[in-house]
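Visitor: this is a predicted model, with the sequence first.
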Amino acid sequence: MRADIKAPKFRIKEWDYYMVLNQNFAAAFTISDDGYVGLESVSILDFKERKEHTETVLTAFPMGRLKMPETSSQGNSVYEDKRLKLKFELENVSKASSCHELHKNYILEQNRGGKIRHITCQFQRFHGNVDFSCDIRLYQPDMESMVIATPWPKNHAFYYNQKINCMRAEGWMQYGDKRYEFHPETDFGTLDWGRGVWTYDNTWYWGSGNCDLNGKAFGFNIGYGFGDTSAATENVLFYEGKAHKMDDVTFHIPEDSYMKKWKFTSSDGRFEMDFEPVIDRAAKLDYKLIVTDQHQVFGKMSGTAVLDDGTKIEIKDMMCFAEKVHNRY
């Protein structure tokens, strides 16, 4: 619980980050309380047009005022000001009656006993005079996820993190006069839920993706770069609701351009991939005390992944993302 953390309020970091993605477009949503600054952001990406836009609202010294949930399994995260209204609500699957009739029976059958993660947003003047809005539901059945508590060797820092992959997505986004729709047979969302006390200067690598393989949900989470991960990594495959733990995965990023082809290799041979970038969602902020340099690259992944029982999964041109981020805050 937040009250049990001994660190000063300005050092406690809390965030909920959702990525909703298919082969043609994606959106990302963040509600965060990072102690002396809050960063609330929305991104929209169009892979066919190779365009993206991210808008971020900064707030000073939230230090717990957002009252973000202390567990990912209960509660809502909400941010609202005169320009942005962003809500992450957790609902029971019985509310699937509000879904489109086309998908209602499918969702009820696939998600009995599960949860719905409901994302709504109204963002005025999101890009120039163009507004953005959305209403998206992510369906979370009874399935496994990645949870890790990462320590730092000094400074009494830690990061408690959950990654929930393979949530089928349904809903819409409206960006000006253009409408984007998500369909649960093919489209997915991921939650990155994090709470902790970080050191000031960190670099991390993270990659994630989901896809449907003949009616079966497949996904992955890979990452490293900060804290002491000698006891465990966050590298996991997800298939039909089960998690399959991997050893180390290495990102091979070209030194001269994030838009050249990447490779991913693994110490146990269970994640061997080629990655063809489509969009580099780059962002750099320098406010002296707060500095962030992000390259979240979206592209097509192809290669093989091996489950715990030796089953080989082959994927081809799976749209996903991988990133390198350096933060000082």
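Guide: That came in fine, so what should we check first? These numbers were taken from a predicted model, which means no experiment stands behind them.

Visitor: distance check, the closest residue to residue 182 other than its chain neighbours against residue 155.
Guide: Among residues not flanking residue 182 along the chain, residue 169 sits closest, at 4.2 Å (Cβ to Cβ, 6 or more residues apart in numbering). Yep, even glycine has a C-beta here, placed from its N, CA and C like the rest. With distances taken as Cβ to Cβ, to the nearest Å, residue 169 is found 38 Å from residue 155.

Visitor: of those two, who's got more company?
Guide: residue 169 (26 against 12; other Cβ atoms under 10 Å).

Visitor: distance of the more buried one relative to residue 286?
Guide: 34 Å.

Visitor: please apply the same query to residue 122.
Guide: Applying Cβ to Cβ to residue 122 and residue 286 gives a distance of 30 Å.

Visitor: the two: which has the busier surroundings?
Guide: residue 122 (17 against 10).

Visitor: quick check: which element contains the more buried one?
Guide: Applying DSSP states H and E as the criterion places residue 122 in strand 115-127.

Visitor: do the same with residue 280
Guide: Short version, using DSSP H and E: residue 280 is in strand 271-286.

Visitor: show me what that strand is packed against.
Guide: With contacts taken as 3 or more Cβ pairs under 8 Å, 6 or more residues apart in numbering; DSSP states H and E, strand 271-286 sits against strand 37-46, strand 51-60, strand 262-266, strand 291-306, strand 312-328.

Visitor: next up, the contacts around the residue lying closest to residue 233 once chain neighbours are set aside.
Guide: Among residues not flanking residue 233 along the chain, residue 248 sits closest, at 6.1 Å (Cβ to Cβ, 6+ apart). Shown in contact with residue 248 (Cβ atoms under 8 Å, 6 or more residues apart in numbering): 224, 233, 235, 266-268.

Visitor: quick one, grab the pLDDT at residue 248.
Guide: For residue 248, the pLDDT comes out at 96.

Visitor: and what of residue 97?
Guide: Value listed for residue 97 in the pLDDT field: 47.

Visitor: kindly report the same for the one 4 residues further on.
Guide: The confidence metric pLDDT takes the value 49 at residue 101.

Visitor: now residue 109
Guide: Looking at residue 109, its pLDDT is 54.

Visitor: same check on the one 5 residues further on?
Guide: We note a pLDDT of 86 for residue 114 in this prediction.

Visitor: so it touches residue 164, yeah?
Guide: No: contact status for residue 114 versus residue 164: not in contact, 11.2 Å apart, counting by Cβ atoms under 8 Å.

Visitor: can you say which of the contacts of residue 248 are buried?
Guide: Buried by 16 or more other Cβ atoms under 10 Å: 224, 233, 235, 266, out of these.

Visitor: for this protein, name the helix or strand with the lowest mean pLDDT.
Guide: Lowest by mean pLDDT, DSSP states H and E among the helices and strands of the chain is helix 101-110, with a mean of 54.

Visitor: tell me where the stretch 101-250 of the chain has strands.
Guide: 115-127, 130-140, 146-151, 158-175, 178-182, 188-197, 201-213, 216-224, 236-239, 242-245, 249-252 (DSSP state E, counting those that start in this stretch).

Visitor: so what's residue 212 bridging to?
Guide: Note on residue 212: beta-bridge partners by DSSP bridges are residue 217.

Visitor: all numbers from here: first residue = 37
Guide: I'll keep to 37 as the first residue from here, and by that count the last item is residue 248.

Visitor: what's the spacing between it and residue 348?
Guide: Counting by Cβ to Cβ, the gap from residue 248 to residue 348 is 18 Å.

Visitor: likewise for residue 168?
Guide: Distance from residue 168 to residue 348, by Cβ to Cβ: 41 Å.

Visitor: and these two? which has more neighbours close in?
Guide: residue 168 (22 against 9).

Visitor: once you drop chain neighbours, what's closest to the more buried one?
Guide: residue 162 (3.8 Å).

Visitor: what's the pLDDT at the one you found?
Guide: In this model, residue 162 carries a pLDDT of 97.

Visitor: surely it and residue 210 touch.
Guide: No: at 10.3 Å, residue 162 does not count as touching residue 210 under the criterion of Cβ under 8 Å.

Visitor: quick one on the thing from earlier: alpha carbons only: can I get the strand holding residue 316 in CSV?
Guide: The C-alpha trace of strand 307-322 is given here as CSV (Å, rounded to 0.1, in the frame of the first residue of the first chain):
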residue,chain,number,x,y,z
PHE,A,307,12.8,-15.9,-28.7
GLU,A,308,14.6,-15.2,-32.0
MET,A,309,13.0,-12.4,-34.0
ASP,A,310,13.6,-9.9,-36.8
PHE,A,311,11.9,-6.5,-36.5
GLU,A,312,11.1,-4.1,-39.3
PRO,A,313,10.3,-0.6,-38.0
VAL,A,314,7.3,1.3,-39.3
ILE,A,315,7.0,4.3,-37.0
ASP,A,316,9.4,5.7,-34.4
ARG,A,317,7.3,7.5,-31.7
ALA,A,318,10.1,9.6,-30.5
ALA,A,319,9.8,12.2,-27.7
LYS,A,320,12.3,14.3,-26.0
LEU,A,321,11.7,16.7,-23.1
ASP,A,322,14.3,18.6,-21.2
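
Visitor: thank you, goodbye.
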